[in-house]
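# Predicted coordinates and the sequence they were generated for:
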Amino acid sequence: AKRLALIAVVNKLLKQAFAIATKEAIFEKNYLQNTCL
């Protein structure tokens with residue numbers, strides 16, 4: 001049970017990190033496109 005809880009926490013953190021990275025990537029992409037135009 002302890003191990004499952006740990007896995008759940010790690011998965012949650014990974015999802016959050018991925019979401020943040022995706023948002024930043026999209027923001028940078030849009031920013032670069034706007035700057036080029």
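The structure has been received and is ready for your questions. Numbers count the residues shown, from 1 in each chain.

# Please identify the helix or strand for residue 4.
In the assignment (DSSP states H and E), residue 4 maps to helix 2-36.

# Centre of the chain to that helix, how far?
Relative to the chain's own centre, helix 2-36 is displaced by 0 Å; criterion: CA atoms, centre = their mean, to the nearest Å.

# next one: stretch 1-21
12 Å.

# could you give the mean pLDDT of that stretch?
Across stretch 1-21, pLDDT averages out at 95.

# re the thing from before, could you tell me which other helices and strands the helix holding residue 4 packs against?
The contact analysis (3 or more CB pairs under 8 Å, 6 or more residues apart in numbering; DSSP states H and E) places helix 2-36 against no helix or strand. Heads up, the C-betas are built off the backbone N, CA and C, glycines and all.

# Report the buried residues of it.
For helix 2-36, a neighbour-count test (16 or more other CB atoms under 10 Å) marks nothing as buried.

# Residue 31 and residue 17, how far apart?
As defined by CB to CB, to the nearest Å, residue 31 lies at a distance of 21 Å from residue 17.

# brain fart, residue 2
Going from residue 2 to residue 17 by CB to CB gives 23 Å.

# and if you look at residue 11?
To residue 17, residue 11 is 11 Å away according to CB to CB.

# now residue 33
As judged by CB to CB, residue 33 and residue 17 stand 25 Å apart.
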